[in-house]
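**Student:** Quick one: sequence and predicted model below, then my questions.
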Amino acid sequence: MDLKELREHLDRLDNALVMILAERMSLIPKVAEFKKTNHIEQFQPEREKQLLEAKRKLAEQNSLNPELVEALFKEIIKDAHRIEAKIIKGES
C-alpha cells in the first residue's frame, strides 16, 4: 500500500467511528427518558467506573493505550450526561 491508500483506509475507519458514535449517542435520549420515567438517578458512578475499567481492559487486550481509550470514553460520557440532563430536567 502507498500513503494515499493508507490514508484512504484511515478515512474509512474514521468515518465508521463517527457513525458508530452517532448510533451510540442516539440511544442516550432513550436512556434519559427511561431514567426519568422510572425515577432513576441520572448519574451512575458505579456503572461509569465499570464501563471505564472494561474499556481500559479491552484496550490493553488490543494493544491500545488504555489512557487514550479512557479519555475518549470520559468525553463520550460527559456528552451523554449533558444530553440526559436536558431531557431529565425537561429542557429542549
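**Tutor:** Received the coordinates, thanks.
**Student:** ok, now which ones touch the residue most central in space within the chain?
**Tutor:** Centroid-nearest residue in the chain: I76, 3.9 Å away (criterion: Cα atoms, centre = their mean). Counting by Cβ atoms under 8 Å, 6 or more residues apart in numbering, I76 touches L21, R24, M25. (Each C-beta comes from the backbone N, C-alpha and C, glycine too.)
**Student:** cool, and L58?
**Tutor:** Here L58 is in contact with V69 (criterion: Cβ under 8 Å, 6+ apart).
**Student:** can you tell me the average pLDDT over the helix or strand encompassing it?
**Tutor:** Following DSSP states H and E, one finds L58 within helix 45-61. Over the span of helix 45-61, the pLDDT mean works out to 98.
**Student:** so which helix or strand takes in the residue nearest to the centre of the chain?
**Tutor:** I76 belongs to helix 66-88, assigned by DSSP H and E.
**Student:** Output the helix holding L58 as PDB, restricted to C-alpha atoms.
**Tutor:** Output of helix 45-61 as PDB, limited to C-alpha atoms (Å, rounded to 0.1, in the frame of the first residue of the first chain):
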ATOM      1  CA  PRO A  45     -20.900   6.400  39.200                       C
ATOM      2  CA  GLU A  46     -20.600   2.600  39.700                       C
ATOM      3  CA  ARG A  47     -21.700   2.000  36.100                       C
ATOM      4  CA  GLU A  48     -19.300   4.500  34.800                       C
ATOM      5  CA  LYS A  49     -16.500   3.000  36.800                       C
ATOM      6  CA  GLN A  50     -17.300  -0.500  35.400                       C
ATOM      7  CA  LEU A  51     -17.500   0.800  31.900                       C
ATOM      8  CA  LEU A  52     -14.200   2.600  32.100                       C
ATOM      9  CA  GLU A  53     -12.500  -0.400  33.600                       C
ATOM     10  CA  ALA A  54     -13.900  -2.700  31.000                       C
ATOM     11  CA  LYS A  55     -12.800  -0.400  28.100                       C
ATOM     12  CA  ARG A  56      -9.300   0.000  29.600                       C
ATOM     13  CA  LYS A  57      -9.000  -3.800  29.800                       C
ATOM     14  CA  LEU A  58     -10.300  -4.100  26.200                       C
ATOM     15  CA  ALA A  59      -7.800  -1.500  25.100                       C
ATOM     16  CA  GLU A  60      -4.900  -3.400  26.700                       C
ATOM     17  CA  GLN A  61      -6.000  -6.700  25.200                       C
END
